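Novice: Sequence first, predicted coordinates after that:
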Amino acid sequence: MQVWEHAWFCSACRVAFWPAGALKAGFPASPAVPAHEIPLTIATMAERAYGQA
Ligand SMILES: [Zn+2]
């Protein structure tokens, strides 16, 4: 999925995050997301960024 391709993942902390502007210009940075919440977070962010899940 396109959102996932832009994610940064820290294997030490087991969190993913998206820097400001990673998805599109002006899109705010995400908070760090625990690994088990990543699928839900990606679906939510895809909806916000692209208007689809
Ligand atoms: Zn870390």
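Specialist: Now that the structure is in, tell me what you want to look at.
Novice: Got the phi and psi for the residue nearest the centre of the chain?
Specialist: Of all residues in the chain, the one closest to the mean position by Cα atoms, centre = their mean is W18, 4.7 Å from it. W18 adopts backbone torsions of phi -120, psi 120, taken as degrees, to the nearest 10.
Novice: Tell me the residues of this protein that contact the ion?
Specialist: Counting by Cβ under 5 Å from the ion, the residues of the chain close to the ion are 10, 12-13. Bear in mind the C-beta positions are built from the backbone N, C-alpha and C, glycine included.
Novice: and the residues you listed, which of them are in strands?
Specialist: Within those, membership in strands is found for C10, as judged by DSSP state E.
Novice: So which of the residues of the chain next to the ion is the closest to A22?
Specialist: Using Cβ to Cβ, C10 is the member of those that lies nearest A22, at 14.6 Å.
Novice: Is H36 in a helix, a strand, or coil?
Specialist: For H36, the secondary-structure state derived from DSSP: H, G, I helix; E, B strand; the rest coil is helix.
Novice: where exactly do the helices run in this structure?
Specialist: Chain-ordered helices for the chain, with DSSP state H as the definition, fall at 2-5, 38-50.
Novice: which one of these has the lowest average pLDDT?
Specialist: Ranked by mean pLDDT, those bottom out at helix 2-5, which scores a mean of 82.
Novice: What distance do you get for the residue nearest to the centre of the chain to G26?
Specialist: Between W18 and G26 the computed distance is 13 Å (Cβ to Cβ, to the nearest Å).
Novice: and V15, bridged to which residues?
Specialist: Each beta-bridge partner of V15 is listed here: C10, P34, as defined by DSSP bridges.
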